[in-house]
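build the 3D model from these lines:
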Amino acid sequence: MGEVEQEIIKRLTEALAPTRLVVSNDSAQHRGHAGDDGSGESHFSVEVESAAFADKNRVQQQRMVNAALGDLMDERIHAMAIKTNISPCPKVAPRR
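Below is the predicted model of the structure:
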């Protein structure tokens, strides 16, 4: 796991307390294309499930992810595919 991928995980974990987080480095699929800086860490996909997304629409959820990543999006990451989900509420047992 590379430095940028580790930083993505750290920032998203701290900002969104995800119940599920999957980070995929897709850079190899874009080798030689525009935005490939040769680092092997320029293109990523993330799947984030968090209760922090409750009452937020998809655009707001993706903005939250971008805000958490901050300067990485401007300086180190060329492309990021983002999939977000709201964490399911825990089920409460019915009263008897």
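
which residues in the protein form strands?
Using DSSP state E, the strands found in the chain span residues 20-25, 43-50, 79-86.

just send the ones you listed back as TSV, with mean neighbour count too.
The C-beta positions use only the backbone N, C-alpha and C, and glycine is treated the same way. Shown next, in TSV, are the strands of the chain (neighbours: other C-beta atoms under 10 Å):
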stretch	mean neighbour count
strand 20-25	14
strand 43-50	20
strand 79-86	16
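
dump these into JSON lines; add distance to residue 58 and mean pLDDT as well.
Below are the strands of the chain laid out as JSON lines (distance: least, C-beta to C-beta, whole Å; pLDDT from 0 to 100):
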{"stretch": "strand 20-25", "distance to residue 58": "17", "mean pLDDT": "95"}
{"stretch": "strand 43-50", "distance to residue 58": "12", "mean pLDDT": "94"}
{"stretch": "strand 79-86", "distance to residue 58": "7", "mean pLDDT": "94"}
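
reformat those as a markdown table; add distance to residue 10.
What follows is the strands of the chain, written out as a markdown table (distance: least, C-beta to C-beta, whole Å):
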| stretch | distance to residue 10 |
| --- | --- |
| strand 20-25 | 10 |
| strand 43-50 | 13 |
| strand 79-86 | 15 |
